[in-house]
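Asker: no FASTA, just this:
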Ligand SMILES: *[C@@H]1O[C@H](CO)[C@@H](O)[C@H](O)[C@H]1NC(C)=O
């Protein structure tokens with residue numbers, strides 16, 4: 001700011017010339033170290049409570065969601081010969097698209113930049129990926145596609161670089177310690193691999209619509225920070241495009257599920273929400289936010305980022 005002010009002083013910018021003089025100042029300062037700082041990679045991105053659904057489909061998995069501020073991302077993982085590959089189905093897998101290359105390494109890179117060592121930092125930090133809100137965790141849903149026990153074991157091992165630096169949200173002595181990344185196993189992830197371990201740094205994606213079933217009746221936010229379900233399967237088809245977009249019965253189902261989850265310290269997420277017509281999609285997003293879901297599930301990240 002000071003540099004810009006100084007350079008402008010002494011000139012009497014005529015209308016129209018202001019922009020060009022400002023542009024020339026910006027051009028001259030381009031490359032100046034004064035405009036950089038260690039944690040600036042996400043400098044102007046505001047986090048939004050959005051899950052980047054099937055994130056690995058995007059041109060730049062992880063990075064695209066990060067650039068939009070999505071606080072949740074997802075990878076489908078397949079275990080072959082000891083390596084975790086990322087893709088929606090087997091035909092989509094390649095030897096270079098791995099959990100490590102597409103997610104673990106980029107996340108580490110961002111977190112290392114957000115937690116610099118410098119004379120100004122008296123003690124090690126645990127900043128999250130967003131420069132604008134360093135306490136915001138990044139939920140990372142790992143959707144296990146191949147045999148649960150073997151694959152999730154490999155996932156736990158693959159997290160070691162993040163674990164070693166203290167970047168994972170963990171449970172210790174019955175308390176959750178919030179960290180930059182919160183790992184949530186979904187798909188074929190076996191629930192027992194989470195409930196059987198008291199102190200751990202990975203969680204379970206609980207079935208939101210079945211929280212009252214005996215096998216899930218004991219779980220709480222220490223096991224499952226988020227519970228998810230298929231919107232259309234439990235709420236039904238949305239036929240309106242006026243507000244309220246849900247009928248009374250649909251709203252009651254939604255409210256009950258969100259309330260049951262929240263009572264146990266679990267946040268709610270609905271997938272398979274309408275994506276068309278746009279007006280219906282937006283009204284459903286608005287309704288879900290108003291009713292208190294933890295995350296919106298979105299496929300079109302440009303649309304959801306513009307919506308907020
Ligand atoms: C796994 O290893 C076997 C034996 O070396 C090999 O034939 C197979 O192609 C490998 N599979 C993949 C997906 O790399």
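Answerer: Nice, I can see it. Everything numeric here is computed off the predicted structure, so don't read it as measured data. Residues are numbered from 1 along each chain as shown.
Asker: quick one, helices of the stretch 151-300 of the chain?
Answerer: In order along the chain, the stretch 151-300 of the chain carries the following helices (DSSP state H, counting those that start in this stretch): 160-164, 192-195, 231-235, 248-263, 278-291.
Asker: Which of those sits closest to residue 96?
Answerer: helix 160-164 (18.3 Å; CB to CB). Any C-beta I mention is one placed from the backbone N, CA and C, and that applies to glycine too.
Asker: and the closest one, what other elements does it pack with?
Answerer: Judged by 3 or more CB pairs under 8 Å, 6 or more residues apart in numbering; DSSP states H and E, helix 160-164 is in contact with helix 105-114.
Asker: and the helix it packs on, what does it pack onto?
Answerer: In terms of contacts (3+ CB pairs under 8 Å, 6+ apart), helix 105-114 is packed against helix 160-164.
Asker: pLDDT of the helix it packs on, averaged?
Answerer: Averaging pLDDT along helix 160-164 yields 98.
Asker: what's that helix in contact with?
Answerer: Here helix 160-164 makes contact (CB atoms under 8 Å, 6 or more residues apart in numbering) with 104, 107-108, 111, 168, 181, 201.
Asker: Go again with 6 Å.
Answerer: Outside helix 160-164, the residues that touch it by CB atoms under 6 Å, 6 or more residues apart in numbering are 108, 168, 181, 201.
Asker: Over to stretch 83-90?
Answerer: Contact partners of stretch 83-90, identified using CB under 6 Å, 6+ apart, comprise 56, 75-78, 93, 97-99, 102, 154, 158.
Asker: go on, stretch 175-188?
Answerer: The contact list for stretch 175-188 (CB under 6 Å, 6+ apart) reads 111, 128, 137-145, 148, 152, 162, 167-170, 202-205.
Asker: Need the distance between the two termini of that stretch.
Answerer: One end of stretch 175-188 sits 26 Å from the other (CA to CA, to the nearest Å).
Asker: what about it, distance to the chain center?
Answerer: Relative to its chain's centre, stretch 175-188 lies at 11 Å (CA atoms, centre = their mean, to the nearest Å).
Asker: rewinding a little: go through the contacts of helix 160-164 and single out the one with the most neighbours.
Answerer: In terms of neighbour count, residue 181 stands highest of those at 23 neighbours, by other CB atoms under 10 Å.
Asker: Report the beta-bridge partner residues of that one.
Answerer: residue 138, residue 168 (DSSP bridges).
Asker: Need the pLDDT of it.
Answerer: According to the predicted model, the pLDDT of residue 181 comes to 98.
Asker: if we can go back for a sec, now the helices of the stretch 151-300 of the chain as CSV including mean neighbour count and distance to residue 27?
Answerer: Output for the helices of the stretch 151-300 of the chain, formatted as CSV (neighbours: other CB atoms under 10 Å; distance: least, CB to CB, whole Å):
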stretch, mean neighbour count, distance to residue 27
helix 160-164, 14, 40
helix 192-195, 16, 54
helix 231-235, 17, 49
helix 248-263, 15, 51
helix 278-291, 18, 40
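Asker: Tell me which of the ones you listed lies nearest to residue 225.
Answerer: Of all these, helix 248-263 sits nearest to residue 225, with 10.3 Å by CB to CB.
Asker: The closest one versus helix 278-291: what angle between them?
Answerer: For helix 248-263 against helix 278-291, the angle between stretch directions is 40 degrees (axes from the mean of the first three to the mean of the last three CA atoms, to 10 degrees).
Asker: So which other helices or strands are in contact with helix 248-263?
Answerer: Applying 3 or more CB pairs under 6 Å, 6 or more residues apart in numbering; DSSP states H and E, one finds that helix 248-263 contacts helix 231-235.
Asker: Can you spell out which helices and strands pack onto the helix it packs on?
Answerer: helix 248-263.
Asker: Could you give the average pLDDT over the helix it packs on?
Answerer: Helix 248-263 carries an average pLDDT of 98.
Asker: go on, stretch 113-125?
Answerer: Mean predicted confidence for stretch 113-125 is 95.
Asker: That one: which residues count as buried?
Answerer: Residues 113-115 are the ones in stretch 113-125 that count as buried (16 or more other CB atoms under 10 Å).
Asker: between the contacts of helix 160-164, which is nearest residue 22?
Answerer: Taking CB to CB as the measure, residue 22 lies nearest residue 108 of the contacts of helix 160-164, at 37.6 Å.
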